[in-house]
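Engineer: Structural data only, the sequence is not supplied:
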Ligand SMILES: Cc1ncc(COP(=O)(O)O)c(C=O)c1O
């Protein structure tokens, strides 16, 4: 359908096709300019339509034997598959969709914390959102050691060599956000 190709006009030094992009987001169609962050990301019109379709025709429990439940399961699975593809995950089961990253990471840290021993180490970065910092720091009360991978102000990156220096036999998890932009 060429949607991705439309987002950026490749032959014009990756210049964004703003008219096309605005049109894809109903909330931005009236020249509205949105400058806030991830938590308030605007929603694509096609996503709104799909979610509406889901609620209108298949808003039931998953895992049932009746046909609407099977349709709902297929739709949820398809969504996870598409997210996995976008994120380059090796398996849709690596994808978790939930109410917010803050609540999901908190839940994840509680579960992970139950598998760790005092003295085990977790590495976090100093340029992550609060949602990916405090849940891990809270594990310190169970004897988990938290180390911080510092952002390199010269290169403006998290440097892998700095990470290597932090890692030991006791390192169990490295938690940091990875953002990617994938046009294909
Ligand atoms: C960069 C970044 N990460 C994470 C979050 C937390 O997201 P959520 O609202 O899904 O908990 C936000 C919220 O604005 C954010 O801006």
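Structural biologist: Great, that's in hand. Being a predicted model, the structure only gives us computed values, none of them experimental.
Engineer: Can you pull the domain assignment for the protein?
Structural biologist: Domain assignment for the chain, taken from automatic domain parsing, gives 1-43, 58-97, 101-175.
Engineer: Report the closest residue of this structure relative to the ligand.
Structural biologist: Closest residue of the chain to the ligand, Cβ to the nearest ligand atom: residue 39 (2.6 Å). Just so you know, the C-beta spots here come from the backbone N, C-alpha and C atoms, and that holds for glycine as well.
Engineer: for residue 54, what are its contacts?
Structural biologist: Residue 54 sits next to 72, 75 when contact means Cβ atoms under 8 Å, 6 or more residues apart in numbering.
Engineer: oh, I was asking about residue 33
Structural biologist: Residue 33 neighbours (Cβ under 8 Å, 6+ apart): none.
Engineer: how close does it get to residue 18?
Structural biologist: Distance, residue 33 to residue 18, by Cβ to Cβ, to the nearest Å: 11 Å.
Engineer: right, so the domains of the chain: which one is the most enclosed?
Structural biologist: Of all those, domain 101-175 carries the top mean neighbour count, a mean of 14, counting by mean count of other Cβ atoms under 10 Å.
Engineer: That domain near the ligand anywhere?
Structural biologist: Yes. Applying Cβ under 6 Å from any ligand atom, one finds domain 101-175 in contact with the ligand at 101, 102, 129, 131.
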